[in-house]
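When you get a sec, could you give me coordinates for this:
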Amino acid sequence: MTSSSAASAPSAERGTADRLALFDTLKAVASQLVVLHHLVAYGPLADVFRSRFPKLADWLYYDGRLAVQVFFVIGGFLAARALAPALQPRPLSLPAVLWKRYRRLALPCMAAVLISVACAAIARALIDDPSLPAEPSVGQLLAHALLLQDIVGVEALSAGVWYVAIDFQLYAMAALLAWLASRVGRERPAVVLAGITACIAATSLFVINRNTDWDIAGPYYFGVYSLGAAAYWLSRPGRSPRWGIAIALVVALALAIDKRERIAFAGCVALLVWVGLRSGMLEKWPDIRVLAFLGRISFSVFLIHYPVAMVVNALVTCLWGATPDTALAGLAFAWAASVAAGTLFHRQVEQRFAG
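All right, here's what the predicted structure looks like:
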């Protein structure tokens, strides 16, 4: 890289800290919205809260779940940076890469699932509520361990496991494409990788994502994931902004054919990242300590908040009943307890598998 090109656009090295500050902010806000979405979706306290605050409950339930798209966009960005910086695939051992990703995602997830099983048993002993998972079978636990629970059609044991399975599938797809491009396109691997990624992303946006029967599998979300990857690749020095405009037009066309809020929201997040990196705006992004902390523990909070919510719902309902006052207090406590449990889970479980 020449000094002139480095001055014209933020490089990966210069922008790392600022991008992570933005990502921490996005993950912090998104993870808290996901927690609130689930708190108003499951349990007796949620039912009472909805009757008291129907508009707020509806907003958190229907719009709060859009926040998951933030993680898909950021995931695609980070996958592109790890697997193929500057669109040049890194030499990699596919089994080793997939095992590392599985270890980082699935093992903390399985720990959270086992905690969820224990918490569900406690909650079932206190109250009878249809939202509580039943006692799991060995096959059900095995399906969760292999991240196949939705594909084989077994009931999920916790609210966040679907995302973990999809995240692993998407990363596996990205790794496979990088591996193929490095072997098929030995002379021009960047062109091959860009081409096959664009083709699969377009198929996802225009075909697969329009059929909700596919929402249990990675290809359904690959269009969104690829927007994050494109935001990284097109923010590199020397990349023409015309490519970014072209991708924005493709997304607009996909939305014109079939309006989908999740795709529109993900496109806006990817556009924010891309424009921010190209303009240098993200270098000024504030590194707020609280948001940075919540961003770091966001995955753990995502995994552990549902078992916390089950126990709080059961205890409050059993001891004081589900009333408007106890619902407000109980859900507020469940929110705070989820952050506290996420902090502990991050330190004691997630970080052990982060390497």
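
What are the contacting residues of stretch 340-348?
108, 111-112, 296-305, 308 (CB atoms under 8 Å, 6 or more residues apart in numbering). C-beta: built from backbone N, CA, C; applies to glycine.

contacting residues for Ser298?
So Ser298 contacts Lys27, Ala28, Ala30, Ser31, Gly342 (CB under 8 Å, 6+ apart).

biggest separation within the residues you listed, which pair?
Spanning the widest gap among those are Ala30 and Gly342, at 13.6 Å by CB to CB.

got a list of contacts for the helix or strand containing Ala246?
Assessed by DSSP states H and E, Ala246 sits inside helix 241-257. If you take CB under 8 Å, 6+ apart as the criterion, helix 241-257 is touched by 202, 205-206, 210, 223, 227, 230, 234, 260, 263-264, 267, 271, 274, 278.

Please pick the buried ones from the residues you listed.
Buried residues within these, defined by neighbour count using 16 or more other CB atoms under 10 Å: Ala202, Leu205, Gly223, Leu227, Ala230, Leu234, Arg260, Ile263, Gly267, Leu271, Trp274, Arg278.

For the contacts of stretch 340-348, pick the one with the most neighbours.
Using other CB atoms under 10 Å as the neighbour test, these are led by Ile304, with 32 neighbours.

Show me the shaky parts of the chain.
1-20, 185, 355 (pLDDT under 70).

Counting residues, name the longest helix you see in it.
helix 94-126 (DSSP state H).

Can you tell me which helices and strands that helix packs against?
helix 138-145, helix 161-184, helix 298-320, helix 324-348 (3 or more CB pairs under 8 Å, 6 or more residues apart in numbering; DSSP states H and E).

let's go with 6 Å and repeat that
For helix 94-126, the elements it packs on are helix 161-184, helix 298-320, judged by 3 or more CB pairs under 6 Å, 6 or more residues apart in numbering; DSSP states H and E.

Please identify the deepest-packed of the ones you listed.
Burial of the helices and strands packed on helix 94-126 is given as mean neighbour count (mean count of other CB atoms under 10 Å); helix 298-320 ranks first at a mean of 24.

Export that one to CSV, keeping only CA atoms.
The C-alpha trace of helix 298-320 is given here as CSV (Å, rounded to 0.1, in the frame of the first residue of the first chain):
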residue,chain,number,x,y,z
SER,A,298,-23.6,-9.3,23.9
PHE,A,299,-23.2,-12.9,22.8
SER,A,300,-23.3,-14.2,26.4
VAL,A,301,-26.4,-12.1,27.2
PHE,A,302,-28.0,-13.4,24.0
LEU,A,303,-27.4,-17.0,25.1
ILE,A,304,-28.3,-16.7,28.8
HIS,A,305,-31.2,-14.2,29.1
TYR,A,306,-34.0,-16.8,28.3
PRO,A,307,-33.3,-19.1,31.2
VAL,A,308,-33.0,-16.1,33.5
ALA,A,309,-36.4,-14.9,32.2
MET,A,310,-38.0,-18.3,32.8
VAL,A,311,-36.9,-18.4,36.4
VAL,A,312,-37.9,-14.8,37.2
ASN,A,313,-41.3,-15.4,35.5
ALA,A,314,-41.9,-18.5,37.6
LEU,A,315,-40.7,-17.1,40.9
VAL,A,316,-42.6,-13.8,40.6
THR,A,317,-45.8,-15.5,39.4
CYS,A,318,-45.6,-18.2,42.1
LEU,A,319,-44.9,-15.8,45.0
TRP,A,320,-46.8,-12.7,44.2
